[in-house]
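1. Coordinates only, no sequence provided:
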Ligand SMILES: Nc1ncnc2c1ncn2[C@@H]1O[C@H](COP(=O)(O)OP(=O)(O)OP(=O)(O)O)[C@@H](O)[C@H]1O
Ligand SMILES: Cc1ncsc1CCO
Ligand SMILES: [Mg+2]
């Protein structure tokens with residue numbers, strides 16, 4: 001199997017899809033900048049009064065539960081229902097799944113509201129979402145993505161979603177399909193919102209790509225390759241964060257295809 005990374009990035013930049021994010025306070029600005037840099041058009045909107053209208057004009061919806069409260073959850077449900085009705089791709093980032101009972105309860109409700117097109121989380125979050133009794137340490141992973149493959153497959157079977165697990169190797173599964181993306185650098189875990197940006201960029205690719213598995217792999221590869229390029233120039237978190245945004249904007253589709261390390265089962 002071959003994924004057209006080059007074509008997908010070209011398409012993303014040519015159409016600059018509007019990506020509607022209901023995301024957390026911590027990463028809103030960085031996520032919007034990451035989407036702009038890669039060539040998409042971000043909007044952050046969480047008022048219950050407008051989320052249905054916003055998702056109606058968007059190419060994809062990204063739901064991120066990083067800093068939850070009751071009103072936000074209501075908005076997430078409204079937006080997810082509308083997106084499902086309109087056949088728009090939904091990305092769910094289950095930030096901190098397994099850390100508190102409230103997060104777990106809300107995630108169950110969101111998954112009942114509409115099955116996500118793509119679920120993108122770190123190893124601990126995917127294990128917790130699949131029902132493993134693990135205690136996530138806040139928002140950071142304590143589990144290897146490779147140890148979450150069974151959980152990712154179970155979630156994919158249950159909800160029909162593509163499941164993308166980030167880590168040293170990003171694992172993407174959809175039913176019987178599996179892909180491994182071995183790009184990225186450990187310093188990416190020292191900048192907050194890298195995973196959240198990975199989810200938002202998956203939304204941007206899903207907006208322009210009819211196959212959500214291909215969208216999730218394209219997003220993981222773009223993140224990882226840009227992380228490696230940024231690391232050539234920046235070795236500490238502050239400068240790395242800026243360099244990473246620059247690489248998202250600078251990378252050519254051909255360079256992305258050349259530097260990506262993607263394997264399929
Ligand atoms: N050890 C590692 N080596 C290389 N790349 C990594 C490593 N760990 C994570 N990454 C990359 O960093 C990005 C973010 O993944 P991570 O698993 O840290 O997400 P996350 O925990 O959801 O982050 P956050 O919640 O802070 O947004 C992904 O693109 C992933 O490929
Ligand atoms: C640090 C943090 N806390 C809640 S959301 C978030 C951003 C990374 O997921
Ligand atoms: Mg995360």
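-> Sure thing, it's come through. Being a predicted model, the structure only gives us computed values, none of them experimental. Numbering: from 1, shown residues only. Ligands and ions are numbered 1, 2, ... in the order given.
2. Look up phi and psi at residue 177.
-> The phi/psi pair for residue 177 (degrees, to the nearest 10) reads phi -90, psi 140.
3. Next: residue 10.
-> Taking degrees, to the nearest 10 as the convention, residue 10 sits at phi -60, psi -40.
4. which phi and psi does the closest residue to it other than its chain neighbours have?
-> Spatially, and ignoring its direct neighbours in sequence, residue 10 is nearest to residue 253 (4.9 Å; Cβ to Cβ, 6 or more residues apart in numbering). Quick note: C-beta positions are derived from backbone N, CA and C, even for glycine. Backbone torsions for residue 253, taken as degrees, to the nearest 10, come to phi -60, psi -40.
5. Ligand 1 contacts on the stretch 51-200 of the chain?
-> 95, 122, 139-141, 166-168, 170, 184-186, 188-189, 192-196, 198 (Cβ under 6 Å from any ligand atom).
6. 5 Å instead, please
-> Listed as neighbours of ligand 1 in the stretch 51-200 of the chain under the rule Cβ under 5 Å from any ligand atom: 122, 139, 166-168, 170, 184, 186, 188-189, 192-196, 198.
7. Report the entries of these that also contact ligand 3.
-> Contacts with ligand 3 within those, counted by Cβ under 5 Å from the ion: residue 195.
8. Now, the residues of the stretch 51-200 of the chain next to ligand 1 that are in strands?
-> 122, 166, 170 (DSSP state E).
9. The last one and residue 224 touch, don't they?
-> Yep, that's residue 170 we're talking about. Yes: using Cβ atoms under 8 Å, residue 170 is in contact with residue 224, at 6.8 Å.
10. intersection of neighbour lists for those two?
-> By the contact definition Cβ atoms under 8 Å, 6 or more residues apart in numbering, residue 170 and residue 224 are jointly contacted by 181-184.
11. Neighbour-wise, which one of the residues you listed leads?
-> Using other Cβ atoms under 10 Å as the neighbour test, these are led by residue 181, with 27 neighbours.
12. Give me the distance between that one and residue 39.
-> Look at residue 181 and residue 39: by Cβ to Cβ, to the nearest Å, they are 20 Å apart.
13. for residue 232, same thing?
-> Counting by Cβ to Cβ - residue 232 and residue 39 are separated by 22 Å.
14. how about the helices of the stretch 151-265 of the chain, start to end?
-> Assigned by DSSP state H, counting those that start in this stretch, the stretch 151-265 of the chain shows helices spanning 194-208, 212-233, 237-250, 253-259.
15. List the buried residues for the second one?
-> Read that as helix 212-233. 212-231 (16 or more other Cβ atoms under 10 Å).
16. same thing with the third one?
-> Of the residues in helix 237-250, those with enough neighbours to count as buried (16+ other Cβ under 10 Å) are 240-241, 243-245, 247-248.
17. Show me what from the stretch 151-265 of the chain comes close to ligand 3.
-> Applying Cβ under 5 Å from the ion, we find that the stretch 151-265 of the chain lies next to ligand 3 at residue 195.
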